[in-house]
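S.K.: My questions are about this predicted structure, shown below with the sequence.
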2 protein chains.
Amino acid sequence: MKILEQITQQFDAFSKSEKKVAQVILNNPQNAIHSSIATLANLAEVSEPTVNRFCRRLNTKGFPDFKLHLAQSLASGTPYVNRNVDENDGPAEYTNKIFESTMAALETARQSVDINAINRVVDLLTQANKISFFGLGASASVAQDALNKFFRFNVPVVYFEDIVMQRMSTMNSTDGDVVVLISHTGRTKSLVEIAQIARSNHAVVVGITAKDSPLGRECSYVLSLDVAEDTDMYMPMASRIAQLALIDILATGFTLRRGNRFRENLKRVKESLKDSRFSIK
Amino acid sequence: MKILEQITQQFDAFSKSEKKVAQVILNNPQNAIHSSIATLANLAEVSEPTVNRFCRRLNTKGFPDFKLHLAQSLASGTPYVNRNVDENDGPAEYTNKIFESTMAALETARQSVDINAINRVVDLLTQANKISFFGLGASASVAQDALNKFFRFNVPVVYFEDIVMQRMSTMNSTDGDVVVLISHTGRTKSLVEIAQIARSNHAVVVGITAKDSPLGRECSYVLSLDVAEDTDMYMPMASRIAQLALIDILATGFTLRRGNRFRENLKRVKESLKDSRFSIK
DNA sequence: TCAATTTTGTAGTAAAATTACAACTTTTAA
DNA sequence: TTAAAAGTTGTAATTTTACTACAAAATTGA
């Protein structure tokens, strides 16, 4: 079992040609299991018996048996581990690590999320007169994504990149309005100010942020996501993907609350995009 | 996927001999994957072509392909299943379903992604004079996110929401420039035009899109992600999260290629944000 | 009951994997 | 440094495995 790891582990012990084979398989295992020995030998630029010998070296009966093991290895549910990227990693390593750590982040987010809070926020959103989404830096794109989703619901929804516009917009908010503020750390000064302005105007402030943070403390409701970032990369990665998943959840809750007839409307919005697209032949 | 369940489900629809084959496989699937078509036919007391036809009936390419599917099906529990949201789902259900289907989407994306292509694109990006990221609709926020990441690298990077600005910017592109176009379906007309303009200016066009699509065909390099969307929701969800993970991967590859000294630079960018934030007490 | 359809098997063919062996490399010890 | 030994790799032939075409048998329905 775990033939892929076995290949990585034994890699140095392989001969020159066997390394070529290993590389091809590691690069695209999904492709490998659907190839014949001939095509794989071609890809690796070695002869067919070399591929066969490679398979035997990994304690399999031969090439077809090896493919079976590989297929199982690919399907088996590895619990995702948050493995940080290392500076010596090649493309195969960092690609897999990022996918895995992203999945791991989503899993922790799922476990940490407060479903009651989600339910209450969905409630508020369905009843809102106007919804605003604000975020800065990496969270700006999350806010923009939220705009894109909620815009389809035919609800008054607002998003600005510009902090001055954000302030002006918030100044005009009233009760019945919901302001959603997105920040991983919850320490972005200008968003905290927005929260204060919104609250003084009796708007509901929802934070997608850390619970115990300056921003979190200013919010009426906080949806927190305990997501660990790979701090070596100095970039927000997993956090904003978890935020997006949360946006998806809010949007889904919203449509479900609005009922079936409402989803017909969504379908229409989607169909209206047809003209801007090439049809499938 | 889940070929064993499929066999059980369709059992009644099978013919007499096919039922014999199904029975033998269900009785001892572990044995089945290690048998040749001849031995399996013997066990089921049918002819070899019958076994072959049985495999085809289950949407596989033939006997070896069937064994592959069976092997994957047998490999202990696929962790996350893409369970679509149901209109009777409560908050707990839809929250978990969205997290799970997002993780499932990332897993399929991970398996489908072409690492060699990633490596080549990272190469191109590190050598580019100017990098542009364009997307529309749901992919616009992905493009914006890419801007946010690559901006930190102190590389000339461009992003516009406005299609007119996108065109104007692309008109001025030259060789040495890389244009990254993001679209799930690959059928957005205006992006296809951008791709054509870019190519006629000898810029490299990278598509984060479906391989076999109008946009995909116009690109110099395509990074495709086989991600299944819950079409009942009429919203892009999993697809853009996979796209974001891919952006993370490209950004990571970029920093690794640039080496250690370069990452010091990233650290400085991050530290420069301090003033806009509340400090941790 | 007999024609039409479906199912199944036989025999031949094609493809894929494996084996045997020879040529080429690399290592090692004189 | 060199020549034998050990190890690695590829070519060609062989064997195994899977697939196709077609014909026979069984089933269905009028």
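M.R.: Yep, that arrived. Note that the coordinates shown come from a computational prediction; the quantities given were computed from them, not determined experimentally. Numbering: from 1, shown residues only, chains lettered A, B, ... in the order given.
S.K.: Tell me which residues touch the residue most central in space within chain A, please.
M.R.: For chain A, the residue nearest the mean C-alpha position is A:I241 (3.5 Å; C-alpha atoms, centre = their mean). Taking C-beta atoms under 8 Å, 6 or more residues apart in numbering or on different chains, we find A:I241 in contact with A:T102, A:A105, A:L106, B:I241, B:L244, B:A245. The C-beta positions use only the backbone N, C-alpha and C, and glycine is treated the same way.
S.K.: wait, does stretch A:50-60 contact chain B?
M.R.: No - figure legend: stretch A:50-60 not in contact with chain B (C-beta under 8 Å from any C-beta of the partner chain); closest approach 11.0 Å.
S.K.: Which residue ranges of the stretch 151-281 of chain A form helices?
M.R.: Using DSSP state H, counting those that start in this stretch, the helices assigned to the stretch 151-281 of chain A run over residues A:163-171, A:189-200, A:214-218, A:238-258, A:260-272.
S.K.: Show me what counts as buried in the first one.
M.R.: In other words, helix A:163-171. Of all the residues in helix A:163-171, those buried under the rule 16 or more other C-beta atoms under 10 Å in any protein chain shown are A:I163, A:Q166, A:S169, A:T170.
S.K.: Which of those sits closest to B:T50?
M.R.: A:Q166 (68.4 Å; C-beta to C-beta).
S.K.: any idea of the pLDDT on the closest one?
M.R.: At A:Q166, the predicted lDDT confidence score is 95.
S.K.: repeat for the one 4 residues further on
M.R.: At A:T170 the predicted local distance difference test score is 96.
S.K.: swap in A:M1?
M.R.: Note on A:M1: pLDDT of 51.
S.K.: same deal with A:M103?
M.R.: For A:M103, the predicted pLDDT is 90.
S.K.: where does it land in three-state SS?
M.R.: helix (DSSP: H, G, I helix; E, B strand; the rest coil).
S.K.: That one: neighbouring residues, count only.
M.R.: 27 (other C-beta atoms under 10 Å in any protein chain shown).
S.K.: cool, and A:T8?
M.R.: 14.
S.K.: Distance check, the residue at the greatest distance from the centre of chain A against DNA strand C.
M.R.: If you look at how far each residue of chain A sits from its centre, by C-alpha atoms, centre = their mean, the farthest one is A:P49, at 42.1 Å. Between A:P49 and DNA strand C the computed distance is 4 Å (C-beta to the nearest atom of the strand, to the nearest Å).
S.K.: and the host helix or strand of that residue, which residues are buried?
M.R.: Using DSSP states H and E, A:P49 sits in helix A:48-57. Within helix A:48-57, the residues scored as buried using 16+ other C-beta under 10 Å are A:T50, A:V51, A:N52, A:R53, A:F54, A:C55, A:R57.
S.K.: swap in stretch A:244-255?
M.R.: Buried residues in stretch A:244-255, counting neighbours by 16+ other C-beta under 10 Å, are found at A:L244, A:A245, A:L246, A:I247, A:D248, A:I249, A:L250, A:A251, A:T252, A:G253, A:F254, A:T255.
S.K.: show me what contacts the nearest residue to A:S213 once chain neighbours are set aside?
M.R.: Among residues not flanking A:S213 along the chain, A:G186 sits closest, at 2.7 Å (C-beta to C-beta, 6 or more residues apart in numbering or on different chains). Going by C-beta under 8 Å, 6+ apart, A:G186 touches A:G207, A:T209, A:A210, A:S213, A:P214, A:L215, A:G216.
S.K.: Quick check: the residue nearest to the fifth one when sequence neighbours are not counted vs A:G186, distance?
M.R.: What that stands for is A:P214. Spatial nearest neighbour of A:P214, chain neighbours left out: B:F278 (4.6 Å); criterion: C-beta to C-beta, 6+ apart. Taking C-beta to C-beta, to the nearest Å as the measure, B:F278 falls 8 Å from A:G186.
S.K.: so where's chain A shaky on pLDDT?
M.R.: A:1, A:75-83, A:229-234, A:259-275, A:278-281 (pLDDT under 70).
S.K.: Now do the strands in it.
M.R.: For chain A, the strands defined by DSSP state E cover A:130-135, A:157-159, A:177-182, A:204-208, A:221-223.
S.K.: Serialize those to CSV and add fields for distance to A:P64 and mean neighbour count.
M.R.: Formatted as CSV, these follow (distance: least, C-beta to C-beta, whole Å; neighbours: other C-beta atoms under 10 Å in any protein chain shown):
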stretch, distance to A:P64, mean neighbour count
strand A:130-135, 52, 26
strand A:157-159, 55, 21
strand A:177-182, 51, 28
strand A:204-208, 50, 27
strand A:221-223, 50, 21
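S.K.: Columns distance to A:N28 on top of these, output as TSV?
M.R.: Output for the strands of chain A, formatted as TSV (distance: least, C-beta to C-beta, whole Å):
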stretch	distance to A:N28
strand A:130-135	36
strand A:157-159	39
strand A:177-182	36
strand A:204-208	36
strand A:221-223	38
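S.K.: Touching stretch A:198-210 from outside, list them.
M.R.: Counting by C-beta under 8 Å, 6+ apart, residues outside stretch A:198-210 touching it are A:121, A:124, A:128, A:142, A:170-186, A:195, A:215-216, A:218-225, A:243, A:246-247.
S.K.: Of all residues in the stretch 1-150 of chain A, which one is closest to DNA strand C?
M.R.: A:G62 (1.9 Å; C-beta to the nearest atom of the strand).
S.K.: ok, the nearest residue in space to that residue that is not next to it in sequence - contacts?
M.R.: Spatial nearest neighbour of A:G62, excluding adjacent residues (C-beta to C-beta, 6+ apart): A:C55 at 5.8 Å. Applying C-beta under 8 Å, 6+ apart to A:C55 gives the contacts A:G62, A:F63, A:D65, A:F66.
S.K.: do stretch A:128-147 and chain B meet?
M.R.: Yes - Stretch A:128-147 lies within reach of chain B by C-beta under 8 Å from any C-beta, at A:G137, A:A138, A:A140, A:S141, A:V142, A:Q144, A:D145.
S.K.: Report the buried residues of that stretch.
M.R.: Taking 16+ other C-beta under 10 Å as the criterion, stretch A:128-147 shows A:128, A:130-147 as buried.
S.K.: now the end-to-end length of that stretch.
M.R.: With C-alpha to C-alpha, to the nearest Å as the measure, stretch A:128-147 spans 15 Å from end to end.
S.K.: what's the spacing between the residue of the stretch 101-250 of chain A found nearest DNA strand D and B:T108?
M.R.: At 33.9 Å from DNA strand D, A:M103 is the closest residue in the stretch 101-250 of chain A, using C-beta to the nearest atom of the strand. Distance, A:M103 to B:T108, by C-beta to C-beta: 11 Å.
S.K.: Could you list the domains of chain A?
M.R.: A:3-78, A:105-275 (automatic domain parsing).
S.K.: Include distance to B:T95 when you put these into TSV, please.
M.R.: What follows is the domains of chain A, written out as TSV (distance: least, C-beta to C-beta, whole Å):
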stretch	distance to B:T95
domain A:3-78	21
domain A:105-275	5
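S.K.: Tell me which of those domains sits nearest to A:P91.
M.R.: domain A:3-78 (7.9 Å).
S.K.: Please see if the closest one touches DNA strand D.
M.R.: Yes - using C-beta under 7 Å from any atom of the strand, domain A:3-78 reaches DNA strand D at A:S15, A:K16, A:S17, A:E18, A:E45, A:V46, A:S47, A:E48, A:P49, A:T50, A:R53, A:P64.
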